[in-house]
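In: Quick one: sequence and predicted model below, then my questions.
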Amino acid sequence: MIFTFVYTLFAWVLYIVSIPLLLLFSFKRKYRESIPARFFLWRNPPLPAHRIWFHACSFGETRAIKPLIEAFERDETAITTTTQTGYAQAKKMAEAVRYLPFEPLLWFWLKPQKALVVMEAELWYLLFCLAKRRGAKTLLINARISDRSYKSYLRFAWFYRRIFSWIDVVFAQSEKDRKRLEKLGAVNIRVTGNIKLAQLPEPTKRYEKPEGTVVTAASTHEGEEEGILRAFIAWRARHSDAKLVVVPRHPERFEKVAALLAREAKAHGLGFGRFSEKEGFKNAITLVDAMGELVNVYAITDIVVLGGAFVPVGGHNPAEAVPFGCRLVTGPHIFNQRAMFDAVEGAVFCELESLEDGLERAFAASPLHLSTPLSLEPILEEIRSVV
């Protein structure tokens, strides 16, 4: 109790000191709803009592808990989030949805719940402490400790041990995560895989696959398209029927990428087309200058060249390509997607300068597939034990 008192006092001091900055940030569109709700409880009443309470941070984490939410009646569940995008997604999934208040406010906001199910790295001391003290079974799901953050976690292991003392069951993404969580004081850990893979995407449209090998440069960034194009043209000398589809990450770059592709296609005597002008992929090089089409393109793709990793952006999600039997090649800078790459097997890695060889290795490789079997049932069993 002494630690809890001191921690709460510190949180109150931090809260009071931060009020001017919070008021300033609340005028920004990104925080216009979340800051007033989280730090001043504006239009953010307590959750109904005795629910199965799920907490997730942002859009991706909130979307990932959807299969768990759907296993229960709507009046049995409640969701809290910390971001506006997460809140908007949660509103589609449950009736009782709130923003999670800043920790010291939980003392008078939090009502008794049947269970608290927290997603990934939302390790708030008072959240677990107060939920547990007021009767909730506490679960941490999809838990992971990234390579980049592990040393930081270890420096504060004394603090995380106190948090984990209030957590009944931990479900880790991998065996590596389980071992790291144990060193931080977690107990009763089970490996269930990455639950974000429980909802792999499906196409919204069906396109005719052109003849030949379709190579899709997906979610590309500044500094990547030129090297990808150069490698593809060289590789195409051995695969004359191959076709390249380029899907830039950001729509504001469509025109710049279109100019590059058109210029290089003409210089090498190759056909070039823009998806927005004539839907189809019969040209040797096609720019997909439309949003929301990447998964539909994956459905006709043989090899994915996944962008965001040939330059130090951090990579993008490789699992989206899994349902379509694609091979995949990407760069070495995957630090934001390490967990997702740990969850799949078959990816080929190379520098942009050696992408021609990377394409050849991917051409001969097995399709990308999940490395860890995924099961939500152990999580559901723990939650059902208190319903």
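Out: Alright, I've got the coordinates.

In: residue ranges with poor pLDDT in the chain?
Out: The model of the chain has pLDDT under 70 over residues 373.

In: Using the record's assignment, carve it into domains.
Out: The record's domain split for the chain, according to automatic domain parsing, is 2-194+375-384, 214-370.

In: Can you show me the strands along the stretch 51-200 of the chain?
Out: Ranges of strands in the stretch 51-200 of the chain, per DSSP state E, counting those that start in this stretch, are 52-55, 77-81, 97-99, 115-119, 137-143, 169-172, 189-191.

In: Need those in a markdown table (columns: mean neighbour count and distance to Arg43).
Out: (Each C-beta comes from the backbone N, C-alpha and C, glycine too.) Shown next, in a markdown table, are these (neighbours: other C-beta atoms under 10 Å; distance: least, C-beta to C-beta, whole Å):
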| stretch | mean neighbour count | distance to Arg43 |
| --- | --- | --- |
| strand 52-55 | 26 | 19 |
| strand 77-81 | 27 | 14 |
| strand 97-99 | 23 | 9 |
| strand 115-119 | 26 | 23 |
| strand 137-143 | 24 | 27 |
| strand 169-172 | 23 | 33 |
| strand 189-191 | 17 | 38 |
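
In: Export those strands as CSV, with columns for distance to Pro46.
Out: As requested, the strands of the stretch 51-200 of the chain are exported to CSV (distance: least, C-beta to C-beta, whole Å):
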stretch, distance to Pro46
strand 52-55, 11
strand 77-81, 10
strand 97-99, 8
strand 115-119, 14
strand 137-143, 18
strand 169-172, 25
strand 189-191, 31
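
In: How about the contacts made by Arg63?
Out: Applying C-beta atoms under 8 Å, 6 or more residues apart in numbering to Arg63 gives the contacts Gln89, Gln199.

In: Let's see that with 7 Å instead.
Out: By C-beta atoms under 7 Å, 6 or more residues apart in numbering, the contact set of Arg63 is Gln89.

In: How much space separates it from Ile79?
Out: Arg63 is 11 Å from Ile79, where distance means C-beta to C-beta, to the nearest Å.

In: which helices and strands does the longest helix anywhere in the chain pack with?
Out: What stands out as the longest helix in the chain, according to DSSP state H, is helix 2-25. Applying 3 or more C-beta pairs under 7 Å, 6 or more residues apart in numbering; DSSP states H and E, we find helix 2-25 packed against helix 34-40, helix 125-133.

In: Let's see that helix as PDB, backbone CA atoms only.
Out: Output of helix 2-25 as PDB, limited to C-alpha atoms (Å, rounded to 0.1, in the frame of the first residue of the first chain):
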ATOM      1  CA  ILE A   2       2.900   2.400   0.700                       C
ATOM      2  CA  PHE A   3       4.100   2.100  -2.900                       C
ATOM      3  CA  THR A   4       0.600   2.600  -4.300                       C
ATOM      4  CA  PHE A   5       0.200   5.700  -2.200                       C
ATOM      5  CA  VAL A   6       3.500   7.200  -3.300                       C
ATOM      6  CA  TYR A   7       2.900   6.300  -6.900                       C
ATOM      7  CA  THR A   8      -0.500   7.900  -6.800                       C
ATOM      8  CA  LEU A   9       0.900  11.100  -5.200                       C
ATOM      9  CA  PHE A  10       3.500  11.300  -7.900                       C
ATOM     10  CA  ALA A  11       0.900  10.800 -10.600                       C
ATOM     11  CA  TRP A  12      -1.200  13.600  -9.100                       C
ATOM     12  CA  VAL A  13       1.800  16.000  -9.100                       C
ATOM     13  CA  LEU A  14       2.600  15.100 -12.700                       C
ATOM     14  CA  TYR A  15      -1.000  15.700 -13.600                       C
ATOM     15  CA  ILE A  16      -1.300  19.100 -12.000                       C
ATOM     16  CA  VAL A  17       2.000  20.300 -13.500                       C
ATOM     17  CA  SER A  18       0.900  19.100 -17.000                       C
ATOM     18  CA  ILE A  19      -2.500  20.800 -17.000                       C
ATOM     19  CA  PRO A  20      -1.400  23.900 -19.000                       C
ATOM     20  CA  LEU A  21       0.200  21.700 -21.700                       C
ATOM     21  CA  LEU A  22      -2.800  19.400 -21.800                       C
ATOM     22  CA  LEU A  23      -5.100  22.400 -22.300                       C
ATOM     23  CA  LEU A  24      -2.900  23.600 -25.200                       C
ATOM     24  CA  PHE A  25      -2.800  20.200 -26.900                       C
END
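
In: burial measure for the residue nearest to Phe3 when sequence neighbours are not counted, as a count.
Out: Excluding the flanking residues, the one nearest Phe3 by C-beta to C-beta, 6 or more residues apart in numbering is Arg162, at 6.3 Å. By the criterion of other C-beta atoms under 10 Å, Arg162 has 15 neighbours.

In: same deal with Phe5?
Out: Counted with other C-beta under 10 Å, residues neighbouring Phe5 total 9.

In: next one: the one 5 residues further on
Out: Burial of Phe10 is recorded as 12 neighbouring residues (other C-beta under 10 Å).

In: same question, Gly331
Out: Counted with other C-beta under 10 Å, residues neighbouring Gly331 total 23.
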